[in-house]
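S.K.: Prediction below, plus the sequence it came from.
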Amino acid sequence: MANPLVGIFRVKELRERIFYTVMLLLIFRLGAVLPIPGINVQELNNFFRSQQNSGNAIVDYLDFFAGGAFSNFSVFMLGIMPYISMSIIMQLLIIVFPSLKKLSQEEGGRKKIQSYQRIGTVAVCIVQSFAVTQYARYIARQVDNFFTIPNFWFFTVIAVLTVTTGTMFLMWLGEQITKRGIGNGISLLIFAGIVARLPQAVYELGQQVVRGEQNPVFVAVVFVMFVAVVALVVFEQQGQRKIAVHYAKRIVGRRMYGAQNTYIPFKINPSGVIPVIFASSILTFPLQIASTVGANIPWLGAVSRALTPRGPLYNVLYVLLIIFFAYFYTQVSLNPIEIAKNIRENGGSIPGIRTERIEEYLTRILNRIVLPGSLYLALIAVIPTFIQWAFNFPTSISYLMGGTSLLILVGVDLDTMSQVESLLKMHHHEGLTKKGRLRGRNL
């Protein structure tokens, strides 16, 4: 019982949640290798094997976020990114249109917003899956007997229906993991896709070292950098700025509550990994359309080449979008107006700050926190590009050394550990850590 890992499986509720989550993640990985109907899998593998020598950065990038499902042309080849893209669009629409904002604040309004978001996700999936069929058509021009269905438009209908259904099924899996598993289902699906790519990436790097294509000293240096970045990410995710709040004595009903001193915890990075995921999703949508349809339309091909993940334009847009979404999501999740209103209504005050200026003070603190936090996220996000440029590492291992993947791996791991620890303590068991306390975060 002294071992917290043993305690996890002694608690029936926690054991059932973990087994249920693992079962659904296995279903997700099975779907990632199940090809859509009408594709000759052997010819598909031969095509992408030939592309490895020339290096297709865009396909590698899309394949990375789909957990390897994109190059397999599987039913889950779009991954969960269409749902994330639609959630961004919906949050922007809630801010732009007051009627939607009012609806989201009403009782039962969130369910309506979620239903709109699901409908929008279907529309995004249809557009992206149609673009995938055009990319399949481009491959068929270079590979004989690529299609097993003679009629291309019949294949298009089947592919669009299959891929769209696959993404909606992934949404359902994520919701079930959140309700009946260990939580954060969407994040765990992305996490599982990244972890599944890790063994193959390490194997490719090892083969390059054996063949003499990579310097072992450079590999050791990059590994040390990886460990250092992980430590910095953990430190940054756990860091807080505490705002002291004093509450005077007050009477609620027939009871009197005494004076209380507490604090508001503002994280150094209040929005977590959300800005990086949002920025990646926003860039992935036009990038996928341009790369898959660009073979048939010249100007889209030019856009695809300009937005290559290794190019300067892509990385500049990536950094700017990360900073924008860091400010945007912080204002949505931590509204200084609402926080100041709650403090005043409960008779609270911040030492040294006038009551009417609490909102201004909180806004100033958040702005000071968000800027360095967003720049820190942007620095980590461009690490894969630096590693590829400086050490000529393979794309698969470079994406795992930084950027979105590293932030998601560390963030989801910390959040899952915090939820497991809370369940253990609820059943009177020791937590996972003896010192300190894990602070979860929402993805």
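M.R.: Perfect, I can see it now. Numbers count the residues shown, from 1 in each chain.

S.K.: got a list of what Ile343 touches?
M.R.: Neighbouring residues of Ile343 by C-beta atoms under 8 Å, 6 or more residues apart in numbering: 245, 349-350, 358. C-betas here are computed from N, CA, C, even on glycine.

S.K.: Quick one: low-confidence residue ranges for the stretch 101-250 of the chain.
M.R.: In the prediction, the stretch 101-250 of the chain carries residues with pLDDT under 70 at positions 249-250.

S.K.: ok, which stretches of it are helices?
M.R.: 109-142, 152-180, 185-211, 216-238 (DSSP state H, counting those that start in this stretch).

S.K.: Check the chain and tell me which residue is nearest its centre.
M.R.: Ile277 (4.3 Å; C-alpha atoms, centre = their mean).

S.K.: other SSEs contacting the helix or strand where that one lies?
M.R.: Using DSSP states H and E, Ile277 falls within helix 274-293. Judged by 3 or more C-beta pairs under 8 Å, 6 or more residues apart in numbering; DSSP states H and E, the packing partners of helix 274-293 are helix 57-65, helix 81-96, helix 109-142, helix 298-306, helix 312-333, helix 358-381, helix 403-426.

S.K.: Flag every buried residue along that helix.
M.R.: For helix 274-293, the neighbour count (16 or more other C-beta atoms under 10 Å) marks 274-285, 287-293 as buried.

S.K.: if I look at Ile149, how far off is Gly166?
M.R.: Separation of Ile149 from Gly166 (C-beta to C-beta, to the nearest Å) stands at 18 Å.

S.K.: Between the two, which has more neighbouring residues?
M.R.: The neighbour count for Ile149 versus Gly166, taken as other C-beta atoms under 10 Å, is higher for Gly166 (22 against 14).

S.K.: OK, contacts around the closest residue to the more buried one other than its chain neighbours?
M.R.: With sequence-adjacent residues excluded and distances taken as C-beta to C-beta, 6 or more residues apart in numbering, Gly166 is closest to Val75, at 3.7 Å. Counting by C-beta under 8 Å, 6+ apart, Val75 touches 31, 34-36, 162-163, 165-166, 169.

S.K.: Taking the residues you listed together, which two end up most distant?
M.R.: Pro35 and Phe169 (15.6 Å; C-beta to C-beta).

S.K.: before we move on, back to that, tell me the most buried of the helices and strands packed on helix 274-293?
M.R.: helix 57-65 (a mean of 22; mean count of other C-beta atoms under 10 Å).

S.K.: which SSE is Asn261 in?
M.R.: Assigned by DSSP H and E, Asn261 falls in strand 260-267.

S.K.: Off-centre distance for that strand?
M.R.: Centroid separation for strand 260-267 versus its chain: 28 Å, with C-alpha atoms, centre = their mean, to the nearest Å.

S.K.: mind listing what it pairs with, with the direction of each?
M.R.: strand 240-247 (antiparallel) (DSSP bridges).

S.K.: how about the strand it pairs with: buried residues?
M.R.: For strand 240-247, by 16+ other C-beta under 10 Å, it's 243, 245, 247.

S.K.: got a list of what the second one touches?
M.R.: Remark: with contacts taken as C-beta under 8 Å, 6+ apart, Val245 is in contact with 261-264, 343, 348-350.

S.K.: Can you point out the buried residues in stretch 12-25?
M.R.: Going by 16+ other C-beta under 10 Å, stretch 12-25 has these buried residues: 14, 17-18, 20-21, 24-25.

S.K.: what about it, distance to the chain center?
M.R.: That offset, for stretch 12-25, works out to 22 Å (C-alpha atoms, centre = their mean).

S.K.: hmm, back to that, which of the contacts of Val245 are buried?
M.R.: 264, 343, 348-350.

S.K.: possible to save the residues you listed as TSV with secondary structure and pLDDT?
M.R.: TSV is the format used below for those (DSSP: H, G, I helix; E, B strand; the rest coil; pLDDT from 0 to 100):
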residue	secondary structure	pLDDT
Ile264	strand	82
Ile343	helix	82
Gly348	strand	79
Ser349	strand	81
Ile350	coil	84
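
S.K.: Convert the C-alpha atoms of stretch 178-191 to CSV, please.
M.R.: This file holds the C-alpha atoms of stretch 178-191, laid out as CSV (Å, rounded to 0.1, in the frame of the first residue of the first chain):
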residue,chain,number,x,y,z
THR,A,178,-13.6,12.3,-20.4
LYS,A,179,-16.8,11.0,-18.8
ARG,A,180,-15.9,7.4,-17.9
GLY,A,181,-12.1,7.4,-18.2
ILE,A,182,-9.4,9.4,-16.5
GLY,A,183,-10.5,12.7,-18.2
ASN,A,184,-9.3,15.0,-21.0
GLY,A,185,-10.2,12.6,-23.7
ILE,A,186,-9.4,14.8,-26.7
SER,A,187,-5.9,15.6,-25.2
LEU,A,188,-5.2,11.9,-24.5
LEU,A,189,-6.1,11.0,-28.2
ILE,A,190,-3.5,13.5,-29.4
PHE,A,191,-1.1,12.3,-26.7
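
S.K.: what pLDDT, on average, does the helix holding Ile277 get?
M.R.: Average pLDDT, helix 274-293: 75.

S.K.: angle of that helix against helix 81-96?
M.R.: In terms of direction (axes from the mean of the first three to the mean of the last three C-alpha atoms, to 10 degrees), helix 274-293 departs from helix 81-96 by 120 degrees.

S.K.: Use 784 as the first number for this chain going forward.
M.R.: Got it, first residue is 784 now, which makes that one helix 1057-1076.

S.K.: what angle sits between helix 1057-1076 and helix 1095-1116?
M.R.: 140 degrees.

S.K.: Report the inter-axis angle for helix 1057-1076 versus helix 968-994.
M.R.: Going by the same axes, to 10 degrees, helix 1057-1076 is angled at 70 degrees with respect to helix 968-994.

S.K.: Any idea how far helix 1057-1076 is from the middle of the chain?
M.R.: 12 Å.

S.K.: Spatially nearest residue to Trp1172, not counting backbone neighbours?
M.R.: Trp1172 sits nearest to Arg1093 (C-beta to C-beta, 6+ apart), 7.7 Å away.

S.K.: Am I right that that neighbour is in a helix?
M.R.: No: read with DSSP: H, G, I helix; E, B strand; the rest coil, Arg1093 is coil and lies in no helix.

S.K.: Gln1171 versus that one, what's the distance?
M.R.: Taken as C-beta to C-beta, the span from Arg1093 to Gln1171 is 6 Å.

S.K.: hang on, Asn855 in a strand?
M.R.: No: under three-state DSSP, Asn855 falls outside any strand and is assigned coil.

S.K.: Could I get the contacting residues of it?
M.R.: Counting by C-beta under 8 Å, 6+ apart, Asn855 has contacts 815-816, 818, 827.

S.K.: Who wins on neighbours among those?
M.R.: Neighbour max across the contacts of Asn855 (other C-beta under 10 Å) = Ala815, 23 neighbours.

S.K.: re earlier: which of the buried residues of stretch 795-808 lies closest to Ile1191?
M.R.: Ile1191 has its nearest neighbour among the buried residues of stretch 795-808 in Leu808, at 14.6 Å by C-beta to C-beta.
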